[in-house]
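> I would like to see how this sequence folds:
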Amino acid sequence: MSLQLGQIVDALGGRLENGDRHLQIDAIASLEDAGPQDISFLSNPKLHLQMQASRAGCVAIGPRVEAEARKRAGAYLVVDDPYLFFARLTQLWRRHHQLRPTPAGVHPSAVVEEGARVHPTASIGPLCHVASGAVIGEDSVLTSRVTVGAGCVLGRRVLVQPGAVIGGDGFGFANDKGRWVKIEQLGGVRIGDDVEIGANTCIDRGALQDTVIASGVKIDNQVQVGHNVEIGENSAMAGCVGIAGSAKIGRQCTIGGAGMILGHLEIADNVHISAATVVSRSIKQPGHYTGFFPIDDNGRWEKNAATLKHLHALRDRIKALEQTQKNG
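Residues are numbered from 1 along each chain as shown. A predicted model of the protein is given here:
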């Protein structure tokens, strides 16, 4: 089912130039793959040459590249933020085509234990398990093979991708003369509204109080969230991030892929952490933080790594030389 270009403009806004509102749009496509019946977008102004060469019937652009857009043969749509426009366009497309992972209700192969509460508009997909005492809110979707443990609460419009586990036991043990004694995990998990949880992600239940994921949080695939972690509103993290127990992440934070947050740390609001960064201390001020050793030829990397071990001694030697010069 196609959409007319004018329908898209009316729904999402923007200023259409050099285009026909009646043009039938059959698909959303990349600049490279788009054809005359497709719509695309340009989010990076540096790629304006690809935009000019694209065969797309229409390209959504920002005001900064309008001069370059006039050089292409097809239509263009000027919007404030092309990437945000793309996100809203995908939502419009899903609504128009009535795409939904599963219909409202419980799939026959799912297990919803007695005592669990599932809102009538929620979708519980194939092979999911919702334990007694769990709550699944309005319009939330568990796609398939999702496990929600006892006492875990999901808010409204939460989307959980396949294989995710919400409310497994946190990693807690006490040592008794060399043997590990399990600390029972007595808390739950509380998830706000409009949260998305990626495939095979694990969010552990709290040891005493709950693990808390605030509204608007977006979590990618294969992320580990330890017990009693708190993640603030509208924060987002990419695949393979690990957050150790009792860490507190602020609002509007981002964590790049494979970023690691050590336990019991506090991250302020509006902190952005680069991929593969290990955060070993609390971050009190907003900003962009990076902490990884750059990739290099293995031989050079080993030499540089060996040099790093001697930096402290070198610093002391330099200080001693400076003091000698000062006294001399």
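
> so where do the helices sit in the stretch 1-150 of the chain?
Assigned by DSSP state H, counting those that start in this stretch, the helices in the stretch 1-150 of the chain fall at 5-12, 48-53, 66-69, 82-97.

> got any ranges where the stretch 151-300 of the chain has weak pLDDT?
The model of the stretch 151-300 of the chain has no residue with pLDDT under 70.

> helices along that one, start to end?
298-308.

> give me the neighbour count for the residue lying closest to H288 once chain neighbours are set aside.
In space, and not counting its chain neighbours, H288 is closest to H272: 4.6 Å by Cβ to Cβ, 6 or more residues apart in numbering. Every residue, glycine included, has its C-beta placed from N, CA and C. Residues near H272, counting by other Cβ atoms under 10 Å, number 15.

> how much space separates H272 from S235?
Distance, H272 to S235, by Cβ to Cβ, to the nearest Å: 10 Å.

> tabulate the helices of the stretch 1-150 of the chain (a markdown table), appending mean pLDDT, mean neighbour count and distance to G149.
Supplementary listing: the helices of the stretch 1-150 of the chain in a markdown table, determined by pLDDT from 0 to 100; neighbours: other Cβ atoms under 10 Å; distance: least, Cβ to Cβ, whole Å:
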| stretch | mean pLDDT | mean neighbour count | distance to G149 |
| --- | --- | --- | --- |
| helix 5-12 | 97 | 17 | 39 |
| helix 48-53 | 95 | 16 | 47 |
| helix 66-69 | 96 | 15 | 51 |
| helix 82-97 | 94 | 15 | 29 |
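
> how about those in a markdown table, adding distance to G188?
Conversion of the helices of the stretch 1-150 of the chain to a markdown table gives the following (distance: least, Cβ to Cβ, whole Å):
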| stretch | distance to G188 |
| --- | --- |
| helix 5-12 | 39 |
| helix 48-53 | 48 |
| helix 66-69 | 51 |
| helix 82-97 | 31 |
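
> which one of those helices lies closest to D169?
helix 82-97 (35.5 Å; Cβ to Cβ).

> what packs against that closest one?
strand 3-4, helix 5-12, strand 27-28, strand 38-41, strand 58-61 (3 or more Cβ pairs under 8 Å, 6 or more residues apart in numbering; DSSP states H and E).

> can you list contacts of the fourth one?
Translated: strand 38-41. When contacts are defined by Cβ atoms under 8 Å, 6 or more residues apart in numbering, strand 38-41 is touched by residues 5, 8, 25-31, 34, 54, 56-61, 82-83, 85-86, 89.

> could you do the longest one as well?
Applying Cβ under 8 Å, 6+ apart, the contact partners of helix 5-12 are 16, 19-25, 39, 57-58, 75, 77, 79, 85, 88-89, 92.

> go with 6 Å
For helix 5-12, contacts defined as Cβ atoms under 6 Å, 6 or more residues apart in numbering pick out 16, 21, 23, 25, 58, 88, 92.

> pull out the buried residues from these.
Neighbour-count burial (16 or more other Cβ atoms under 10 Å) is assigned, among the contacts of helix 5-12, to 16, 23, 25, 58, 92.

> got a markdown table for those, with distance to S215 too?
Listed next are these as a markdown table, based on distance: Cβ to Cβ, whole Å:
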| residue | distance to S215 |
| --- | --- |
| L16 | 34 |
| L23 | 38 |
| I25 | 33 |
| C58 | 34 |
| L92 | 23 |
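
> state the distance from the residue nearest to S140 when sequence neighbours are not counted to V278.
Spatially, and ignoring its direct neighbours in sequence, S140 is nearest to V158 (4.1 Å; Cβ to Cβ, 6+ apart). Separation of V158 from V278 (Cβ to Cβ): 29 Å.

> out of those two, which sits in the more crowded spot?
V158 (26 against 13).

> OK, contacts around the more buried one?
For V158, counting by Cβ under 6 Å, 6+ apart, the contacting residues are 140, 191, 195.

> got it, and I255?
I255 touches 237, 241, 273, counting by Cβ under 6 Å, 6+ apart.

> ok, A134 touching C152?
Yes. Between A134 and C152 a contact is recorded at 5.0 Å, counting by Cβ atoms under 6 Å.

> beta partners of L77?
Beta bridges link L77 to L16, A60, judged by DSSP bridges.
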